[in-house]
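Asks: next comes the sequence, and after it the predicted model I'd like to discuss.
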Amino acid sequence: MERNDYLIRKKINKYMLTGVMTTVAIQLGNVVDAMIVGNLLGSIGNGAVSAATPFLYILQAAAIFLGSGGAVAMAVRLGRRETENAGRIMGMCMLGALAWPLLFTALTPLTVPAYIRYMVHAGTLSDMVRQIITVYSLGMPVVSFVLVMAYLMNVDNHPSLAASMQIVANAVNLCLDFILVKYTPLGVTGSSLATILGYLAAGIIFIPRYFKSKNRMVQPVLKGISKSGALFSDIRQKGLPNLIYLLMTVISVSIMNSSIIKQLGDARYSAYAVANNTQLIVQMFFNGVASVITSVAGALFGDRDYYGMRRVVKRVVIMGLGIAGTIMLVFLLVPGLISGLYGFDNPELTPELHQCLRIFSVSFIFFVLNAIVQNYYKTIGYSYLSTTDNVCEILLLKVPLALLGMHLNGLPGLFAALVVSEAVTFILINLLRLLLQMRKKVSPVGFMAIPAERDDSICDITIRGNDSEAIALTKRIMKYCEEIGVSGEKRLALGMAAEELVSNIGRYAYDDPSDKYIDVCLSKKEDTLYLRLRDDGKPFDPVRYEPSAEAEEEMRGLAVIRKLNIKMSYVRVINLNNTVLEMEIS
């Protein structure tokens with residue numbers, strides 16, 4: 001009996017697929033928005049979308065902060081089987097997702113003119129930017145709420161539903177984009193309105209389905225959340241790196257956009273916007289892969305399953321680098337394909353743009369590595385490492401180096417500097433980690449910075465859900481209990497309980513007999529033994545189950561466990577059943 005990663009690998013694959021689907025839907029909407037506007041309204045339209053981006057980031061701040069932080073905090077709480085606290089976290093996130101954008105909606109007459117004065121000169125570009133951000137200011141509460149719910153639904157056993165909601169939102173968005181921009185007098189305003197309507201339609205369809213689902217574990221709790229300071233602190237700690245990333249992006253993009261427009265002119269700014277927007281294509285795929293860290297690894301971290309966490313991160317690194325390398329080759333070999341997608345129509349600047357695309361593509365590898373750092377360290381509680389990586393990557397290194405590169409060699413120099421900033425950021429953050437590990441301020445166990453195994457683990461194994469392995473597990477548990485002096489009655493009770501649960505899982509949880517694997521962890525804390533059984537069979541809560549007269553004979557094992565006076569708890573997290581038995585040994 002040894003531990004394997006069969007169950008974890010299945011969850012990685014499922015959450016990775018739905019994560020990629022979700023982020024592809026979101027980012028594809030942004031990418032195709034720019035493509036549609038660029039092709040229908042010209043390069044100046046694409047430039048207007050890019051110039052409006054910093055303001056849109058500010059509007060989305062609450063959704064990114066609460067969605068990312070709340071999702072990780074919820075995942076860890078579910079891993080610890082704290083469902084009530086997970087509900088309080090959900091309640092906080094839902095309220096905050098509406099409060100922040102509603103404030104900006106009320107302040108629209110003040111914020112929109114101020115942004116226009118700072119960001120762009122008067123003229124066509126200025127008018128387009130004003131139209132875009134005015135519509136977003138009015139409709140952002142809808143987008144913000146749906147985005148936060150997608151984060152939370154993904155963690156609470158509904159990744160497919162969250163992905164479907166994002167796909168539908170952006171499918172409606174893109175259809176309306178083309179119709180409103182091409183066939184109505186709304187122009188670029190139609191593109192913004194299409195986004196709002198797309199998210200409204202998806203939210204109406206999918207959020208009620210989530211709340212009606214019997215497979216969710218979390219019930220939002222609004223009562224008493226004002227006194228849940230520790231939970232909000234956890235959300236803040238885990239969401240802060242993403243919020244800082246967003247704010248640093250707003251500052252850096254504002255500085256870069258303003259500097260390029262003023263120094264190089266609108267035409268070269270449109271070329272820059274095409275090259276800069278290509279990063280969305282990398283994010284489109286990789287952010288889906290990286291989301292596995294916060295959802296799957298977050299729950300495993302709450303359960304202190306360090307073996308599973310290592311398997312998750314290793315697979316994310318392999319997949320992320322593979323995707324980044326593949327996309328980089330496309331940009332190196334056929335940059336004309338990318339510029340053509342954005343409707344770039346300036347033949348004099350096309351060769352320079354292609355050169356910039358080739359240079360910029362080298363940064364994708366380092367972008368992936370930095371994203372892994374940012375997602376992983378906030379998940380395991382070292383948010384300051386994630387934040388430091390964000391600040392260095394986005395502001396402290398990127399902006400000064402980019403402006404210096406632009407001064408020395410125009411746009412090509414700017415994009416070469418961006419490659420350098422990504423690479424140097426990754427090197428610096430790892431040097432900082434090593435320094436902190438030497439000073440014992442970070443766990444001194446390599447990049448992962450987690451223990452090799454649980455310090456209270458007695459055995460951590462994977463078994464097949466059959467009677468022979470159930471019996472072997474029982475013998476192993478009883479032998480250990482005997483070695484530490486547990487009374488014969490109690491060790492017999494725990495052994496019988498383990499055998500009954502494993503047999504029930506193997507007998508009823510799976511339709512396919514070849515698919516039966518159960519992760520078993522026996523641990524000891526002070527005077528209590530904890531036996532955790534984890535499987536990916538049909539959702540089943542043995543604590544609440546009350547058999548009918550017909551099923552009573554089939555589920556007699558549960559009745560046996562209840563008579564043994566062993567405490568039993570259950571939670572379904574990342575679509576895995578987690579049943580825990582607790583027995584006092586003193």
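Replies: The structure has been received and is ready for your questions.

Asks: the strands in the protein, which residues?
Replies: 457-464, 517-525, 528-535, 567-573, 576-584 (DSSP state E).

Asks: quick one: closest of those to L247.
Replies: strand 567-573 (31.1 Å; C-beta to C-beta). Using the backbone N, CA and C atoms, a C-beta is placed for each residue, glycine as well.

Asks: who's in contact with the closest one?
Replies: For strand 567-573, the external contacting residues (C-beta atoms under 8 Å, 6 or more residues apart in numbering) are 75, 78-79, 81, 83, 157, 215, 217, 299, 539, 541-544, 561-562, 577-583.

Asks: one more time with 6 Å
Replies: Contact with strand 567-573 is made by 78, 81, 157, 217, 299, 539, 541, 543, 578-582, as judged by C-beta atoms under 6 Å, 6 or more residues apart in numbering.

Asks: could you work out the most separated pair of the residues you listed?
Replies: N157 and E582 (23.4 Å).

Asks: which stretches of the stretch 301-450 of the chain have low pLDDT?
Replies: 342 (pLDDT under 70).

Asks: just the helices in it please.
Replies: In the stretch 301-450 of the chain, the helices defined using DSSP state H, counting those that start in this stretch lie at 306-333, 335-341, 350-361, 363-379, 383-391, 398-438.

Asks: A273: which of these is closest?
Replies: Short answer: helix 350-361, nearest of these by C-beta to C-beta, at 10.2 Å.

Asks: how big is the angle separating that closest one from helix 306-333?
Replies: 160 degrees (axes from the mean of the first three to the mean of the last three C-alpha atoms, to 10 degrees).

Asks: just give me the neighbour total for the residue lying closest to L176 once chain neighbours are set aside.
Replies: Setting aside the residues directly before and after it, L176 is nearest to A194 in space (C-beta to C-beta, 6 or more residues apart in numbering), at 3.6 Å. When neighbours are counted by other C-beta atoms under 10 Å, A194 registers 26.

Asks: and the pLDDT for A194?
Replies: Note on A194: pLDDT of 88.

Asks: what's near enough to touch it?
Replies: Going by C-beta under 6 Å, 6+ apart, the list of residues near A194 reads N173, L176, D177, L180.

Asks: let's see it at 8 Å
Replies: V172, N173, L174, C175, L176, D177, I179, L180, V181.

Asks: roughly how far does M448 sit from V424?
Replies: 23 Å (C-beta to C-beta, to the nearest Å).

Asks: need the nearest residue in space to L337, chain neighbours excluded.
Replies: V330 (7.4 Å).

Asks: same check on T111?
Replies: Per C-beta to C-beta, 6+ apart, closest to T111 is F104, 6.4 Å.

Asks: could you verify my assumption that A449 touches T379?
Replies: No: the criterion here is C-beta atoms under 8 Å, and A449 misses it with T379 at 10.9 Å.

Asks: which one of those two has more residues nearby?
Replies: T379 (27 against 18).

Asks: care to break this structure down by domain?
Replies: Annotated domains of the chain cover 6-438, 457-584 [automatic domain parsing].

Asks: out of those domains, nearest to P444?
Replies: Here domain 6-438 is closest among the domains of the chain (C-beta to C-beta), at 4.3 Å.

Asks: measure that closest one end to end?
Replies: 35 Å (C-alpha to C-alpha, to the nearest Å).

Asks: what of stretch 295-311?
Replies: 14 Å.

Asks: over to stretch 387-396?
Replies: End to end - C-alpha to C-alpha - stretch 387-396 spans 12 Å.

Asks: so how far is that stretch from its chain's centroid?
Replies: 19 Å (C-alpha atoms, centre = their mean, to the nearest Å).

Asks: which of the residues in that stretch are buried?
Replies: By neighbour count with 16 or more other C-beta atoms under 10 Å, stretch 387-396 contains the buried residues T387, T388, D389, N390, V391, C392, E393, I394, L395, L396.

Asks: lowest confidence element among the helices and strands of the chain?
Replies: helix 556-563 (a mean of 65; mean pLDDT, DSSP states H and E).

Asks: low-scoring stretches of the stretch 1-150 of the chain, by residue?
Replies: 1, 21-35, 37-47, 119-125.

Asks: which stretches of it form helices?
Replies: Under DSSP H, counting those that start in this stretch, the stretch 1-150 of the chain gives helices at 6-41, 43-59, 61-79, 83-106, 108-119, 124-155.

Asks: quick one: closest of the ones you listed to K516.
Replies: The nearest among the helices of the stretch 1-150 of the chain, by C-beta to C-beta, is helix 6-41 at 10.1 Å.

Asks: OK, contacts around the residue nearest to C481 when sequence neighbours are not counted?
Replies: Using C-beta to C-beta, 6+ apart and skipping the chain neighbours, the partner closest in space to C481 is R491 (3.4 Å). Contacts of R491 were listed using C-beta under 8 Å, 6+ apart, and they are I477, M478, C481, E482.

Asks: next, count neighbours for the third one.
Replies: Residue crowding around C481 was assessed by other C-beta under 10 Å; the count is 24.

Asks: the first one too?
Replies: I477: 24 surrounding residues under other C-beta under 10 Å.

Asks: tell me, how many residues neighbour L337?
Replies: Residues near L337, counting by other C-beta under 10 Å: 11.

Asks: try the one 10 residues further on
Replies: By the other C-beta under 10 Å criterion, the neighbourhood of P347 contains 7 residues.

Asks: phi first, then psi, for it.
Replies: Main-chain dihedrals, P347, degrees, to the nearest 10: phi -60, psi -30.

Asks: likewise for I566?
Replies: phi -110, psi 130.

Asks: check the nearest residue to R81 once chain neighbours are set aside and give its pLDDT.
Replies: Excluding its sequence neighbours, the residue lying closest to R81 (C-beta to C-beta, 6+ apart) is V571, at 4.5 Å. V571 carries a pLDDT value of 88.

Asks: neighbours around V571, how many?
Replies: 24.

Asks: same deal with K538?
Replies: Count around K538 with other C-beta under 10 Å applied: 11.

Asks: thought it was touching A509?
Replies: Yes: counting by C-beta under 8 Å, A509 is a contact partner of K538 at 5.3 Å.

Asks: identify the residues contacting M328.
Replies: S361, V362, F364, I365.

Asks: now the buried members of those residues.
Replies: S361, V362, F364, I365.

Asks: pLDDT at the residue positioned nearest the centre of the chain, what is it?
Replies: The geometric centre of the chain, computed from its C-alpha atoms, lies nearest to S291 (C-alpha atoms, centre = their mean), at 3.3 Å. Here, the pLDDT recorded for S291 equals 75.

Asks: G19 is in contact with that one, correct?
Replies: Yes: counting by C-beta under 8 Å, S291 touches G19, with 3.7 Å between them.

Asks: which neighbours do these two share?
Replies: With C-beta under 8 Å, 6+ apart, S291 and G19 have common neighbours N154.

Asks: tell me which residues touch the closest residue to V253 other than its chain neighbours, please.
Replies: Take V253 and drop its neighbours on the chain: the residue closest to it by C-beta to C-beta, 6+ apart is P54, 4.7 Å away. Contacts here follow C-beta under 8 Å, 6+ apart; on that basis P54 touches M119, T249, V250, V253, S254, N257.

Asks: is it possible to export the residues you listed to CSV including neighbour count and distance to F206?
Replies: What follows is the contacts of P54, written out as CSV (neighbours: other C-beta atoms under 10 Å; distance: C-beta to C-beta, whole Å):
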residue, neighbour count, distance to F206
M119, 20, 35
T249, 18, 28
V250, 18, 29
V253, 20, 31
S254, 20, 34
N257, 22, 35
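
Asks: nearest to L529, of those?
Replies: T249 (48.7 Å).

Asks: that closest one contacts I394, doesn't it?
Replies: Yes: using C-beta under 8 Å, T249 makes contact with I394 at a distance of 5.6 Å.

Asks: on that earlier part again, from E422, how far off is the residue nearest to L337?
Replies: With distances taken as C-beta to C-beta, V330 is found 19 Å from E422.
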